[in-house]
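A.B. asks: The following comprises the amino acid sequence and a computationally predicted model.
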Amino acid sequence: MGAFASLRRAVIMRISNLVKSEEESEDRPRSNSDESDFLNACKLITAQREKYGYSINALSKKTRISIYVLNSLEKGRKNGFPEKTFLRKMLQEIETELFLPKLSLNPILKNSESPKRIIKSIEFNPLNISLLSSWKGSLAYLLLIFIAIFSLNKQQQFLLKINSKTIEPLDSSSLSNDANIKILEENDLNNN
């Protein structure tokens, strides 16, 4: 048990030292040699691509890397690079396809910067609700329906209170024939 615990401590110490050295290397300003290594690695991609007769389109199809990213890599435009995780895999694909030694494009990875993430602020704008296709629209629609039902109910109660409306069904026998004839005559006059 003692040997295992000391081995475990040694591994943890080694990993923490590696992490610290990597953080320090990222914090320190890049020197001219780092920048020249970066540009040389970018030029190496172009030279090897032309040496094997690949066009940008052909290399893009073989490596499944977009033309935009390949152009950014060849010209050294860091703002066109993807995140480091994706860039690492892309550089490995390019090294394999162009028969470059492993990690020969590593200076590109070291000098790349992850794209800045834009965080949208979430604001509630009632004019920007798409009705029934979002939870906000559904909630607004449901609220509108409840308000309409409630207000119609209140109106019906008011009409009952002032006796302008009854809730008993109409009795057909209570209508006289004279009233039916008068209604039919009025309808005929309106139609003509």
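C.D. replies: Okay, I see it. Because the structure is predicted, anything quoted here is derived from the model rather than measured.
A.B. asks: Count the residues that sit near I45.
C.D. replies: 23 (other CB atoms under 10 Å). Using the backbone N, CA and C atoms, a C-beta is placed for each residue, glycine as well.
A.B. asks: Just the local confidence number for it, please.
C.D. replies: Looking at I45, its pLDDT reads 89.
A.B. asks: Identify the residues contacting it.
C.D. replies: If a contact means CB atoms under 8 Å, 6 or more residues apart in numbering, then I45 has 70, 73-74, 94, 98, 105 as its contacts.
A.B. asks: Show me which of those is closest to D37.
C.D. replies: L105 (10.3 Å; CB to CB).
A.B. asks: Let me see the backbone angles for the closest one.
C.D. replies: Dihedral pair for L105: phi -100, psi 10, per degrees, to the nearest 10.
A.B. asks: so it sits right up against L91, yeah?
C.D. replies: Yes - with contact defined as CB atoms under 8 Å, L105 counts as touching L91 (4.4 Å).
A.B. asks: Let me see the confidence value for N128.
C.D. replies: Note on N128: pLDDT of 62.
A.B. asks: circling back to that earlier point, next, format the contacts of I45 as a markdown table and append distance to K136, pLDDT and neighbour count.
C.D. replies: Formatted as a markdown table, those follow (distance: CB to CB, whole Å; pLDDT from 0 to 100; neighbours: other CB atoms under 10 Å):
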| residue | distance to K136 | pLDDT | neighbour count |
| --- | --- | --- | --- |
| L70 | 42 | 88 | 21 |
| L73 | 43 | 87 | 24 |
| E74 | 46 | 89 | 17 |
| I94 | 46 | 89 | 23 |
| L98 | 51 | 87 | 20 |
| L105 | 48 | 85 | 24 |
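A.B. asks: and the residues you listed, which of them are in helices?
C.D. replies: The helices, defined by DSSP state H, take in 70, 73-74, 94 from the contacts of I45.
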